[in-house]
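Peer 1: what's the 3D shape of this:
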Amino acid sequence: MMKSLMSSFLFAGTLLVSVAASSQPGSEVAVERNVLMKTRDGVTLRADVYRPTGEGTFPVLLQRTPYNKQNAAEFARMAVAHGFMVVVEDVRGRYESDGEWYPFKHEIEDGYDTVEWAAALPHSNGKVGMFGGSYVGATQMLAAISHPPHLAGICPVVTASNYHENWTYQGGAFEQWFNESWASGLAQDTVNRAVKEGSNAVLGSTVLPLRKYPLYNMKLDPDPATWTARFAPYFLDWLDHPTYDSYWKQWAIEEQYVSINVPALTIAAWYDLFQGGSLRNYMGLRAGAGNEPARAGQRLIVAIGGHSGWSRTVGSVDFGPEAAFDENGVTLAWYKYLFLGKQNEFATEKPVKLFVMGENKWRTEEEWPLKRAKETKYLLHSCGNANSSSGSGQLYAGKPEFRCEEADHFTYDPADPVPTVGGPLCCDPVHLATGARDQGEVEKRKDVLVYTTDVLAEDTEVTGPVTLDLYAMSSAADTDFTAKLVDVWPNGFAQNLTEGILRARYRNGTTGAAEPLDPGKVYEYKIDVWSTSNVFLKGHRIRLEISSSNFPRFDRNLNTGKDAATSSDFVKAENTIYHDGSHPSALLLPVVAR
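Peer 2: Model (predicted):
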């Protein structure tokens, strides 16, 4: 296989540039720009190759990216100074690489081919590891399931486990803000390619009068919506596949953990929109990778920020001096351990490392989730007036002394949805702020139910998966139910921690057909609120918000049973939350004894 692949790979003319490596002044890096390779179906991809000057062979660190390979130059020079060779490739259809860009479509085969090509480059010792985050993490996971022989490790950072459920959709709801902002960003390079191809002044040279000269030879419909089909057709395909069908299964990571035979350092983050998938990847590989060395070789770091920013301040909360996370440094330490045999923290510490919010400290653990965490039910309570933070909604870790359990009601109007305020967002923080934000304004709304504990008499740690067991009724054929876990400070600042959503017609899952509601019937809903690690400090309060929208993070449910992808008609929904003896709605928190 290696021989046949190598016969099809081409090299560009060599350009050697000696530069000072930022991590070790005086060391030099040889750089080869736009080195060519041919994929198995004949498409030319281009990569930059960084290596130490002089003789010798080195392990290869490979990144395959849709975001311009030049962005990895800083890490590449740092890694070379520590004895690695680095290859950074534009994936198919992006920047300097040829072919058609379509997310996920070619990454399995192209990833395999690139790993084997990189392993056979001059100065490579044949051992390849991959690195990078988000979609770059997806290129690692998709390459790994094809198990190329020379792939020896991966380091997927803040990436998903299922490109339907925890990338494009969540709980059956469309991740509108991410999908639209990401697609718009991706399409810029596609538009640039079209402009470049259409830039031919000869074609317009005979046009008179000269004021009619066509700047670019592109025929564009004046309706901007038609540009989506031309420059980002995948966005429309995502809308056409709202359930977990064969379109998504062809790229499913979760169903193919057994095909991954290498150790992985999975890096997740609180306030990251792929947190859920990252944790599922670690658990899935730890339990089900293809061999025992791979299973034993899994490591997990859960930092803070991710797509919300690697910084001690995430959103409007300062998480202290320990919170800042050096992705490049951690990646390099991982491969120094894995490939160079360094006895660093990856050799000596427990396999799981968490940043615990509230006390704002790092802690190592033997497993995720923590076995010692005790699932604790916090029962919802009110006398029918939990609407807004001015209501009387309460949470009890045990049966309350009185049972005035009248149901809570609110009206969900798609024309006036609850706005998204912070949280795990991507990819346009200028127009929609990310991370930890005060939820005070949101909690003033009457269509937000608010349930809060008494002031805590002692520190209470919640570390692990969070679930809302909800009994609810709607007047509509479909609606959404949202949940948000909040840490209320003594000064009233309401800090969002983690959140979830469930589209009612997908209450039994998204693998089959949608199941409309019987209006007026009470259903039980299990809402995945993802995970957190937070110490609710003495004097703080634990809060739960329940509503039916979180827009524009998620698309609005029209309450008709029809998709917002194809319909604009909507109705109001009268939604009711029950919390009586027959319907014990409860927030399930993993409480860790301290």
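Peer 1: And the helices in the stretch 301-450 of the chain?
Peer 2: 327-340, 345-348 (DSSP state H, counting those that start in this stretch).
Peer 1: Could you pull out the buried residues of the shortest one?
Peer 2: In terms of neighbour count (16 or more other Cβ atoms under 10 Å), helix 345-348 has its buried residues at 345-346. For glycine as for every other residue, the C-beta is placed from the backbone atoms N, C-alpha and C.
Peer 1: Which residues does that helix contact?
Peer 2: Contacts of helix 345-348 from elsewhere in the structure, counted by Cβ atoms under 8 Å, 6 or more residues apart in numbering, are 265, 299, 333-334, 337-338.
Peer 1: Deepest-packed of the helices of the stretch 301-450 of the chain, please.
Peer 2: Among the helices of the stretch 301-450 of the chain, helix 327-340 has the highest mean neighbour count (mean count of other Cβ atoms under 10 Å), at a mean of 20.
Peer 1: So what touches that one?
Peer 2: For helix 327-340, contacts defined as Cβ under 8 Å, 6+ apart pick out 59, 61, 74-75, 78-79, 82-84, 127, 129, 131, 133, 152-153, 155, 157, 263, 265, 267, 299, 301, 310, 342-347.
Peer 1: And residue 239, its phi and psi?
Peer 2: Dihedral pair for residue 239: phi -70, psi -30, per degrees, to the nearest 10.
Peer 1: Would you check that it makes contact with residue 567?
Peer 2: No: if you go by Cβ atoms under 8 Å, residue 239 and residue 567 don't touch, sitting 11.6 Å apart.
Peer 1: and those two? which has more neighbours close in?
Peer 2: Remark: of residue 239 and residue 567, residue 239 carries more neighbours, 16 against 11, as counted by other Cβ atoms under 10 Å.
Peer 1: So the closest residue to the more buried one other than its chain neighbours, which state does it fall into?
Peer 2: Of all residues not flanking residue 239 in the chain, residue 565 sits nearest, at 3.9 Å (Cβ to Cβ, 6 or more residues apart in numbering). Classification of residue 565 by DSSP: H, G, I helix; E, B strand; the rest coil places it in coil.
Peer 1: tell me the contacts of residue 565?
Peer 2: Shown in contact with residue 565 (Cβ under 8 Å, 6+ apart): 174, 239-240, 242.
Peer 1: Repeat that for residue 415.
Peer 2: residue 570.
Peer 1: List phi and psi for it.
Peer 2: Main-chain torsions, residue 415, degrees, to the nearest 10: phi -80, psi -10.
Peer 1: start the count at 647, not 1, going forward
Peer 2: Taking 647 as the first residue, the last one we looked at is residue 1061.
Peer 1: Apply the buried test to the contacts of helix 973-986 and list what passes.
Peer 2: Among the contacts of helix 973-986, those scoring as buried are 705, 707, 721, 724-725, 728, 730, 773, 775, 777, 779, 798-799, 801, 803, 909, 911, 913, 945, 947, 956, 991-992 (criterion: 16+ other Cβ under 10 Å).
Peer 1: Let's see which of those end up in strands.
Peer 2: Counted as lying in strands by DSSP state E, out of the buried ones among the contacts of helix 973-986, are 705, 707, 773, 775, 777, 779, 798-799, 801, 803, 911, 913, 945, 947.
Peer 1: Could you dump these into JSON lines with pLDDT and distance to residue 880 added?
Peer 2: Below are those laid out as JSON lines (pLDDT from 0 to 100; distance: Cβ to Cβ, whole Å):
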{"residue": "705", "pLDDT": "98", "distance to residue 880": "34"}
{"residue": "707", "pLDDT": "98", "distance to residue 880": "29"}
{"residue": "773", "pLDDT": "98", "distance to residue 880": "34"}
{"residue": "775", "pLDDT": "98", "distance to residue 880": "29"}
{"residue": "777", "pLDDT": "98", "distance to residue 880": "25"}
{"residue": "779", "pLDDT": "98", "distance to residue 880": "20"}
{"residue": "798", "pLDDT": "98", "distance to residue 880": "32"}
{"residue": "799", "pLDDT": "98", "distance to residue 880": "30"}
{"residue": "801", "pLDDT": "98", "distance to residue 880": "26"}
{"residue": "803", "pLDDT": "98", "distance to residue 880": "23"}
{"residue": "911", "pLDDT": "98", "distance to residue 880": "29"}
{"residue": "913", "pLDDT": "98", "distance to residue 880": "26"}
{"residue": "945", "pLDDT": "98", "distance to residue 880": "32"}
{"residue": "947", "pLDDT": "98", "distance to residue 880": "31"}
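Peer 1: Take those and write them to CSV, including distance to residue 878.
Peer 2: Listed next are those as CSV, based on distance: Cβ to Cβ, whole Å:
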residue, distance to residue 878
705, 37
707, 31
773, 37
775, 32
777, 27
779, 22
798, 35
799, 33
801, 29
803, 24
911, 32
913, 28
945, 35
947, 33
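Peer 1: Pick the one among the residues you listed closest to residue 1063.
Peer 2: residue 779 (30.2 Å; Cβ to Cβ).
Peer 1: close enough to count as contact, residue 753 and residue 784?
Peer 2: Yes: between residue 753 and residue 784 there is a contact under Cβ under 8 Å: 6.7 Å.
Peer 1: quick revisit: of all the contacts of residue 1211, which two lie farthest apart?
Peer 2: The span of the contacts of residue 1211, defined through Cβ to Cβ, is set by 820 and 886 at 11.5 Å.
Peer 1: Between those two, tell me which one has more neighbours.
Peer 2: Just comparing residue 820 and residue 886: by other Cβ under 10 Å the higher neighbour count belongs to residue 820, 23 against 12.
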